[in-house]
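A.B. asks: Pasted the sequence and its predicted model underneath.
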Amino acid sequence: MGMIKVAIAGIGNCASSLIQGITYYRDKDPADATGLMHWDLGGYRPGDIEVVAAFDIDRRKVGQKVNEAIFALPNCTKRFYPDLPQSDVTVSMGRILDGLSDHMRDYEDRYTFVPSDAPEPEHNAVVDLFKKTGAEILLNYMPVGSQRATEFYAECALDAGIALINNIPVFIASNPQWARRFQEKNIPIIGDDIKSQLGATITHRVLTDLFRKRGVKLERTYQLNTGGNTDFLNMLNRHRLMSKKESKTEAVQSVAAQRLENENIHIGPSDYVPWQKDNKVCFIRMEGQLFGGVPMEIELRLSVEDSPNSAGVAIDAIRCVKLALDRGQGGVLEGPSAYFCKHPPRQFTDDEAFSLTENFISLFPAKDDAETDYPQQREPLSN
């Protein structure tokens, strides 16, 4: 069926895990391929993904081959497949815009950004590179809060006619104006803000949904997260954190039996602990009432390597977008967006989103039926 050609904006820890995983699973026997939701997805396997273009702004990555750049500082994720073959792709200088918070320059820690002095590309240069390399899908891995930078790459994708997977909480797929533009050009998009394979948000959602199904009244809850990668350092700027907090909070609120008042729910990244590196530690607390109004509490601690956790989802999102490209479907892919992302245009329970995604994979609607609503849809989120 051919290779799936992708471009990546932001060669950070998440991109490192994804690229390592492509080769890791390419060499695996399917019987030993643990850690995947799908080995074969619509005829495509993980090893069928090929990176053909890459952008970053750190001088330790720009100008380097992709297989070298993914292990360059400030990346600090686990090297689970360090012996990658030599890549033909050189990391290009990207547009900075708001992709680098000013406070990141104030840290002497070696895990901070060192901005490149290479000239930033214009819009047409990025579009031309997409076309020259044959890129079909762009993965956005800009830092949280990169509104202008994300919109820049989204514009480039639209003009180049390539699909977009928006892995960060800048609202593109869930913004009606942007979603309409991708629909009008019949270009697929998945977004926004990728969920981890088994991370803080998906765990919190499942527990919240369990409260609802079992008739337990949820009264108060929090989710506190700490980590030591550049994502957590970036989010020390609380202004940049706003969209992330909204995305994570709505992901949990949307599956609750009743929306909690703002003072009774707190969900969001909490602090930067340098020595944790790419390890993320999450603390979840939930308070509720059982039968007869009797109180109950849950406290949970989750520790995960953050970036491989998201790569397990990205590798499926890429293949779902490729199916849409093969079958002529444009616009927001609602089932996959709801299953893979925290802030899709429409929220579903995870059971519903899973079913919609499996139906998308196995029973994709004909092109003429692309506008048909899926069953049991909820009202779109307001932005």
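C.D. replies: The structure has been received and is ready for your questions.
A.B. asks: where does residue 127 sit relative to residue 272, distance-wise?
C.D. replies: 36 Å (C-beta to C-beta, to the nearest Å). Where C-beta positions appear, they are placed from N, C-alpha and C, glycine not excepted.
A.B. asks: Apologies, that question was intended for residue 302.
C.D. replies: Taking C-beta to C-beta, one finds residue 302 at 18 Å from residue 272.
A.B. asks: and if you look at residue 246?
C.D. replies: 20 Å.
A.B. asks: Then residue 130?
C.D. replies: Distance, residue 130 to residue 272, by C-beta to C-beta: 34 Å.
A.B. asks: neighbour-wise, which of these two wins?
C.D. replies: residue 130 (24 against 20; other C-beta atoms under 10 Å).
A.B. asks: Now do the contacts for that one.
C.D. replies: Going by C-beta atoms under 8 Å, 6 or more residues apart in numbering, residue 130 touches 7, 53, 138, 156, 157, 160, 162.
A.B. asks: so for whichever strand or helix holds it, what's the average pLDDT?
C.D. replies: Applying DSSP states H and E as the criterion places residue 130 in helix 123-133. For helix 123-133, mean pLDDT is 98.
A.B. asks: ok, residue 323 - contacts?
C.D. replies: With contact set as C-beta under 8 Å, 6+ apart, residue 323 has these partners: 41, 42, 44, 360, 361, 364.
A.B. asks: Doesn't the fourth one lie inside a strand?
C.D. replies: No - secondary structure assignment places residue 360 outside any strand; it is helix (DSSP: H, G, I helix; E, B strand; the rest coil).
A.B. asks: Which pair of the contacts of residue 130 spans the longest distance?
C.D. replies: By the measure C-beta to C-beta, 53 and 157 form the most distant pair in the contacts of residue 130, at 11.6 Å.
A.B. asks: quick one, which of those two is more surrounded?
C.D. replies: With neighbours defined as other C-beta under 10 Å, residue 53 and residue 157 compare such that residue 157 has more, 28 against 23.
A.B. asks: for the stretch 151-300 of the chain, what spans make up the strands?
C.D. replies: Applying DSSP state E, counting those that start in this stretch to the stretch 151-300 of the chain gives strands spanning 163-166, 188-190, 217-227, 265-272, 279-289, 295-305.
A.B. asks: Ok, which of those strands comes nearest residue 13?
C.D. replies: Shortest distance between residue 13 and the strands of the stretch 151-300 of the chain, using C-beta to C-beta, is found for strand 295-305: 9.2 Å.
A.B. asks: which other helices and strands contact the closest one?
C.D. replies: Secondary-structure packing of strand 295-305 (3 or more C-beta pairs under 8 Å, 6 or more residues apart in numbering; DSSP states H and E): helix 200-213, strand 279-289.
A.B. asks: Quick one: name whatever helix or strand follows that strand.
C.D. replies: Later in the chain than strand 295-305, the nearest helix or strand by DSSP H and E is helix 306-327.
A.B. asks: so what's residue 201 up against?
C.D. replies: 195, 223, 248, 251, 252, 267, 342 are the contacts of residue 201 under C-beta under 8 Å, 6+ apart.
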